[in-house]
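[1] A predicted structure for the sequence below; I have some questions about it.
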Amino acid sequence: MRLTLQKFNPKQNSCGQGMTEYIVIVALIAVAAIAIYQLFGATVRNQTAGIAMEVAGKNGSAAITQAGTAATKAETAAKDPTKGTLSTYGDQATAGKQ
């Protein structure tokens, strides 16, 4: 009976490495997008509403004004050091509410 040693093939062991790295990158981008949308969500919604109203031929100045107000509130919240931590993440009553 003869025992043969199998050669180490690094390609076999790193087969799923590329997909795992891709998933990690996508997850990081998703977390960043969620955080940005939470901070600037009202601004984006109001700007989109104003553009849609203008394209439809209606006056969208009220929605555009609300977008400016929401942007100012988001900028203030972004500069506040007490609201920029993970301890307030998801707390809409105090952090990022616009």
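    Arrived safely, thanks for sending. Numbers count the residues shown, from 1 in each chain.

[2] elements contacting the biggest helix by length in the chain?
    Ordering each helix of the chain by length in residues (DSSP state H) puts helix 17-55 first. On a contact count with 3 or more CB pairs under 8 Å, 6 or more residues apart in numbering; DSSP states H and E, helix 17-55 meets helix 61-79. C-betas here are computed from N, CA, C, even on glycine.

[3] What number of residues are in the vicinity of the closest residue to Val44 other than its chain neighbours?
    For Val44, ignoring the flanking residues on the chain, the nearest one in space by CB to CB, 6 or more residues apart in numbering is Tyr37 at 7.1 Å. Per other CB atoms under 10 Å, the neighbour tally for Tyr37 reads 14.

[4] where's Tyr37 relative to Thr69, distance?
    To Thr69, Tyr37 is 18 Å away according to CB to CB, to the nearest Å.

[5] do the same with Gly18
    According to CB to CB, Gly18 stands 45 Å off from Thr69.

[6] Thank you, goodbye.
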